[in-house]
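Engineer: I would like to see how this sequence folds:
(2 chains)
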Amino acid sequence: MDVSQYLEIFIDETKEHLQSLNTQILDLEQDPENETTINEIFRAAHSLKGMAGTMGFKRMQNLTHDMENVFSEVRAGNLKVNGTMIDILFQCLDALDEYLTTIQSTADEGVNENENLIKALNDQLNGGGSASEAAPAKQEAATETAAEAPADNSSSDSEKAQWKSITLDESQKTVISSAVEQGMNVYGITVFVEASCLLKAARSFLVFKAVEDSGEIIVSNPSTQDIEDEKFELSFSLIVISGDKLDKIIAAIKNVSEIEDAYGEPLDKSAYAQVEEAPAQPEVVENKQTVENAPAAPVAASPEPKKEAAKKPAAAKPVVNRTVRVDIEKLDVLMNLVSELIIAKNSLVSASGTNNLDRGFNEQIEYLESVTTNLHESVMKVRMVPIESTVNKFPRMIRDLSKNLGKKMELYMTGEETELDRTVVDEIGDPLMHLLRNSADHGLESAEVRRERGKSEVGSIFLNAYQEGNNVIIEVGDDGNGIDVEKVKAKAIEKGIINEEQAAAMNDKEAIDLLFSAGFSTAKVISDVSGRGVGLDVVKSKIEALSGEVDVKTKLGEGSTFTIRLPLTLAIIQALMVVVGEEMYAISLGSIQTIEDVPVSDIKFVQAKEVINLRGTVIPLIRLHEVLDIPESEEKTDSLMVVIVKKGDKLAGLVVDKLIGQQEIVIKSLGKLINKFKIISGATILGDGEVALILDTNAML
Amino acid sequence: MDEIKVSENYSTTQYIVIQLGDEKYGIDIKYVDNILKMQRITRVPRVPKYLSGVINLRGEVVTVMDIRTKMDLPKMEETKNTRIIILKLENVEKIGVIVDEVKEVVTLGADEVEKNNQSAKEETAMFVSAVGKVGSELVSLLDLHAVVAE
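Structural biologist: Presented below is the predicted three-dimensional model:
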């Protein structure tokens, strides 16, 4: 049985559980007595344990098991929530998250046992220091086994030794006898699955896996096929050949969760002989022969397929695809639109068959147009997910930062439900985290300073998200110190980014933009939190890679706000189609400022470069012919068609031959082979089926 | 006929025989995704000369390579026989290759393929992995990984 097909679900659900654990434990820290929260936590930890167990991630299972023990103690009122416990629990969550990351990339949990965490958890269990608390704790830890105990007693010996009922066939006997001759041990084992177990087949698969780690399964009752198909009650029996001790195998089996008990004995010599009596009687020579010939069949045939299955999860290494959970309603809308599309197509087909082309035809085309527009919108919506999944981890982060930095702070978030394209939501996490860290570290003043300034000692950090037209705005800010322009300038001079003259000529906005230049970090002390060499320049380039913009507003002494503006979706954009030479190119409408008709006589030269003066602003000209290696047309014109594009505050004029117009284009990526030239960001397919390239004006500026 | 169905035969290998200038070359059919008539190729600026540009293959943008330029063969005018063969190699994106003509599909047994490669032309030797015998003719079997490599 192969569990790798459930890996995606496992990863998704584990993420959700971890997120909910994070949130709940944060709540618990505020309100240690809240029973609902404790119950929620217990449930999440329990599901996590079960899921990890089903998937065969033992280390993960062990850790969650110990966490669950702690929660169950807390729930029972035997243990009080304290600061250390919360810290340990958060560390555990981080460790689990690490496991998950490893699983995601390799389909395996890795080798980190996190023993120190497990020990810390057990210390908590036994702790409070007193023996009186330790005792119930132990008992509690054993609840699972305790629950099994009565079951144990009720099952009589004969029930336990079900394996005795297995009858061995000829070839199996010879395999066993030859193994015994080689000094191997033969065991009969009966495994009992908990009555509440939902995935019996999965559990038994894990048992088989565990047993095969130390030996070979000669025969099972019911057959492996039946077990895989869950065609068995609550127990199954195995005859195993192994070099290991029986205890070790039994322990390995019991390690599988939801296994009630495993009972085994060395295969009784007498029973064994008895079993063998019949075939053993004839000649020894004959027996030997069968030993040599026959074993190949059963040994190779029966355990082999299972081995393969056991290897699969590790070997297949599925690269987990990124998925989007889609609201079924959204899919219904899509489905409806597609059927409308088919109707529209059919009407067109029938319209083309009639002689009266003009009428019906236009009408149908209009219909088709509206259907495709709606279809596009709905597909876009399917790709949209709330930013919640990304921003949910921030409260925890701020809590940790608050502890690390020794500053009191509070995070206020709004608009977590704002939706963005899945790709953007995935990418936006790091830049946001960086900005928040910046606010916490550089933005907020120390408590003393805050008191002096008459602010509340607890600093506030906020994150607001909302939609504005075709953009989503995310603001990250604080009520801290704000940005000291003079300090920024001094720092930039020190770093050699600008000289003093430049600094003097700079206005505040320009100075603040210096923050985004590479290698700039204003923190005087390099702290663990921020100032590790990568800074706002990374934030900026990341946001720009997502076709977004960052902007800062600050007031010294009152705080600063970083505003991120992102497009709703990346896959489809509004573009201006232009012609250069004989070729057509698309320029994203978002980066176009204006379009100008510039008389050739207006072109000036600055440092041998062409510029134009547009209403007081000097703008460099970029001849697309030259950039794109297109031969310039012979005929000289009096004026040039110039598309003014912007990147932040920078402007440039692109000289084109002709404008076609505005069009909604679907962005297709160029293959790696041909995607060498930075200013081509992709391609799109035009109405006539031809390919047009998309110019990345940001790369030109 | 724009498409030729790909079938697999385990004991033998099928090759599509193409014409480049006066020589014939074989392309292992298992790597052939599609064969298209020549169509308008959108030039992409500032890429290696042998990359002709990109085409629209049913909504997918696919890079097209001029195999003559890549193999240092003289340039040829496009004719009505010119075709684009879309290749799909493992772990590599689809790529189109412009050839003068697609001749036929041949099936070669292992004994009809000579591994030691004695290509007629020195400059193309690095792109040829073996030589196959088709009747009395010799067909150079292309090493597609070398052709597609940058």
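Engineer: and chain B, which residues reach chain A?
Structural biologist: B:40, B:42-48, B:51, B:53-56, B:59-63, B:93-95, B:148, B:150 (Cβ under 8 Å from any Cβ of the partner chain). Where you see a C-beta, it was placed from the backbone N, CA and C, and this is true even at glycine.
Engineer: what subset of those residues is buried?
Structural biologist: B:42-45, B:47, B:51, B:53-56, B:61-63, B:93-95, B:148 (16 or more other Cβ atoms under 10 Å in any protein chain shown).
Engineer: for the residue nearest to A:Lys455 when sequence neighbours are not counted, give its distance to chain B.
Structural biologist: Spatial nearest neighbour of A:Lys455, chain neighbours left out: A:Asp479 (6.7 Å); criterion: Cβ to Cβ, 6 or more residues apart in numbering or on different chains. According to Cβ to the nearest Cβ, to the nearest Å, A:Asp479 and chain B sit 49 Å apart.
Engineer: just the pLDDT at A:Asp479, thanks.
Structural biologist: On pLDDT, A:Asp479 comes in at 89.
Engineer: residues near it, how many?
Structural biologist: Counted with other Cβ atoms under 10 Å in any protein chain shown, the neighbours of A:Asp479 add up to 23.
Engineer: same question for A:Lys49.
Structural biologist: Number of residues near A:Lys49 (other Cβ under 10 Å) recorded here: 21.
Engineer: for the residue nearest to it when sequence neighbours are not counted, helix, strand, or coil?
Structural biologist: Nearest non-adjacent residue to A:Lys49, counting by Cβ to Cβ, 6+ apart: A:Thr64, 4.0 Å away. Applying DSSP: H, G, I helix; E, B strand; the rest coil to A:Thr64 yields a three-state assignment of helix.
Engineer: do I have it right that A:Thr64 meets A:Leu96?
Structural biologist: Yes - the criterion here is Cβ atoms under 8 Å, and A:Thr64 meets it with A:Leu96 at 6.9 Å.
Engineer: check contacts around A:Ile592.
Structural biologist: Listed by Cβ atoms under 8 Å, 6 or more residues apart in numbering or on different chains, the contact set of A:Ile592 reads A:576, A:643-646.
Engineer: now the element after the helix or strand of chain B with the lowest mean pLDDT, going C-ward?
Structural biologist: Lowest mean confidence among the helices and strands of chain B (mean pLDDT, DSSP states H and E): strand B:113-114, at a mean of 82. Using DSSP states H and E, the helix or strand that follows strand B:113-114 in sequence is strand B:128-134.
Engineer: what's the first helix or strand after that next one?
Structural biologist: With elements assigned by DSSP H and E, the helix or strand that comes after strand B:128-134 is strand B:137-142.
Engineer: could you pull out the buried residues of that next one?
Structural biologist: Applying 16+ other Cβ under 10 Å to strand B:137-142 flags B:138-142 as buried.
Engineer: tabulate the residues you listed (a markdown table), appending pLDDT.
Structural biologist: Below are those laid out as a markdown table (pLDDT from 0 to 100):
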| residue | pLDDT |
| --- | --- |
| B:Leu138 | 87 |
| B:Val139 | 89 |
| B:Ser140 | 89 |
| B:Leu141 | 90 |
| B:Leu142 | 90 |
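Engineer: just the residues you listed now: which is nearest chain A?
Structural biologist: Closest to chain A out of those is B:Leu142 (17.3 Å), distances taken as Cβ to the nearest Cβ.
Engineer: what sits against that closest one?
Structural biologist: B:25-28, B:127-129.
Engineer: name the member of those with the most neighbours.
Structural biologist: Of the contacts of B:Leu142, B:Gly26 is surrounded by the most neighbours, 27 neighbours in total, counting by other Cβ under 10 Å.
Engineer: residue 86: which element?
Structural biologist: With no chain named, the answer covers chain A. Here A:Ile86 is assigned to helix A:83-106, by DSSP H and E.
Engineer: chain B, not that one
Structural biologist: Using DSSP H and E, B:Ile86 falls in strand B:83-87.
Engineer: render the CA-only coordinates of the following helix or strand past that strand in CSV, please.
Structural biologist: Scanning forward in sequence from strand B:83-87 by DSSP H and E, the next helix or strand is strand B:95-99. The C-alpha coordinates for strand B:95-99 follow below in CSV (Å, rounded to 0.1, in the frame of the first residue of the first chain):
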residue,chain,number,x,y,z
ILE,B,95,11.5,22.7,-28.8
GLY,B,96,10.8,23.0,-32.5
VAL,B,97,13.4,22.2,-35.1
ILE,B,98,13.2,23.5,-38.7
VAL,B,99,14.0,20.8,-41.3
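Engineer: who's in contact with strand B:95-99?
Structural biologist: For strand B:95-99, contacts defined as Cβ under 8 Å, 6+ apart pick out A:671, A:673, B:18-20, B:36, B:38, B:52, B:55, B:57, B:62-68, B:82-87, B:89, B:147-148.
Engineer: give me that answer again for 6 Å
Structural biologist: B:18, B:62-67, B:83-87, B:148 (Cβ atoms under 6 Å, 6 or more residues apart in numbering or on different chains).
Engineer: re the thing from before, given the least confident helix or strand of chain B, what are its sheet partners and their directions?
Structural biologist: strand B:128-134 (antiparallel) (DSSP bridges).
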